[in-house]
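Q: Turn this into a model:
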Amino acid sequence: MVDVAFQSNRTAAAQSGRRRVGLRNALRRKSMSAFLMTLPLILLIAVLVIYPAIYSLHLATLNKAMTKFVGFGNFEFLFKRDTFWLVVKQSCIFAISAVIFKALIGFIVAHFVHNVPANKQRKWRGMLLVPWVIPPAMSTLAWLWLFDPSYSAFNYTLSIFGIGPIPWTGDAMWARFSVILVNVWYGAPFFMIMYLAALKSVPEQLYEAAAIDGANWWQKFRYITWPSMQTLYITCTLLSMIWTLGDFNSVYLLTGGGPADLTHVLSTLGIRYLRLDQLSLAMASIVCAMPFVLPLVYYMMKRLSR
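A: Numbers count the residues shown, from 1 in each chain. I've put the predicted structure just below:
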């Protein structure tokens, strides 16, 4: 009996061991299959993202003739110039201001469209998405015509009410306002459509129950809408911040960084040096934008992976 029981235990242990080995082999095969399936995407990211970033950093460490390694000399040159720190300040003001207004306008418009009768919502969504689907360069050129000092449509309208012409792109304050306005115009629809989709996913029964309990609009937003859409709010804000920091069209096409470099951002400062045939400084200024963008990308990916 003892031998039979011992033999039975050995057989069970052997079977258990074979099952574990088989499971490990299956997991290895699945892991290898998953790796092979994602390998093209990994290679694509390496070619289109990692390699250009490394090569840009390499170019930023060369001299003006692009023949000699100078280390961090180009970065030291930038950090000692007041223009660079002015551009950093303007980039932060531009990105933060534009994202706040885009999020606010998108939130208000999304609630407006959400309360429109269902049979009319498609028309409203189509009209309000037009600024977002038009290529940014094309829409920026249209705004440039509206801001033109010679035949500005805005100034013509203001002159009807006896208001003098406004130097939309000739004065530093108005030029900053114009750049932010254009960026908000074609960026707010993104927030609107994302918020609208999130609002439709919140069950109406929650609002009805809150109304029965006597909740006002602020309490409904605080305890129902915001908790249901918090992740989306933060993700959209981070994504828009990344896009805005890299925005080139609304600044370069409207003002070219002027007047007197007072509307330059990091994305256009590189073009300024490139036009002066200083490729290494242009690359250095673009690389300086990475510390602003990479933490946002990391935080956004971290939130999305939860």
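Q: next helix or strand past the helix or strand hosting Tyr233?
A: Assessed by DSSP states H and E, Tyr233 sits inside helix 226-245. Per DSSP H and E, the first helix or strand lying C-terminal to helix 226-245 is helix 249-252.
Q: ok, residues contacting that next one?
A: Helix 249-252 has contacts (C-beta atoms under 8 Å, 6 or more residues apart in numbering) with 94, 136-137, 140, 179, 182-183, 186, 257, 263-265, 267-268, 271. Placement of C-beta: from N, CA and C, glycine included.
Q: Repeat the analysis, applying 7 Å as the threshold.
A: Under the contact criterion C-beta atoms under 7 Å, 6 or more residues apart in numbering, helix 249-252 has outside partners Pro136, Ala137, Thr140, Val179, Val182, Asn183, Gly257, Thr263, Val265, Thr268, Ile271.
Q: Report the distance from it to the chain centre.
A: On the basis of C-alpha atoms, centre = their mean, to the nearest Å, helix 249-252 is displaced by 16 Å from the centre of the chain it belongs to.
Q: same question, stretch 57-65
A: That offset, for stretch 57-65, works out to 28 Å (C-alpha atoms, centre = their mean).
Q: Just the buried positions in that stretch, please.
A: Buried residues in stretch 57-65, counting neighbours by 16 or more other C-beta atoms under 10 Å, are found at Leu59, Ala60, Thr61, Leu62.
Q: Check stretch 96-106 too.
A: By neighbour count with 16+ other C-beta under 10 Å, stretch 96-106 contains the buried residues Ser97, Ala98, Val99, Phe101, Lys102, Ala103, Ile105, Gly106.
Q: With respect to Ala197, which of these is nearest?
A: Ranked by distance to Ala197 (C-beta to C-beta), the buried residues of stretch 96-106 are led by Gly106 at 11.7 Å.
Q: pLDDT weak spots in this protein?
A: 1-32, 34-36, 303-306 (pLDDT under 70).
Q: can I see the domain layout of it?
A: 1-59, 75-304 (automatic domain parsing).
Q: Export these to CSV and append columns for distance to Met66.
A: Rendered in CSV, the data for the domains of the chain read as follows (distance: least, C-beta to C-beta, whole Å):
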stretch, distance to Met66
domain 1-59, 7
domain 75-304, 6
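Q: Would you mind finding the most buried of those?
A: domain 75-304 (a mean of 16; mean count of other C-beta atoms under 10 Å).
Q: Could I get the full set of helices for the stretch 151-300 of the chain?
A: With DSSP state H, counting those that start in this stretch as the criterion, the stretch 151-300 of the chain has helices at 153-160, 172-201, 204-212, 217-220, 226-245, 249-252, 266-275, 279-287, 290-304.
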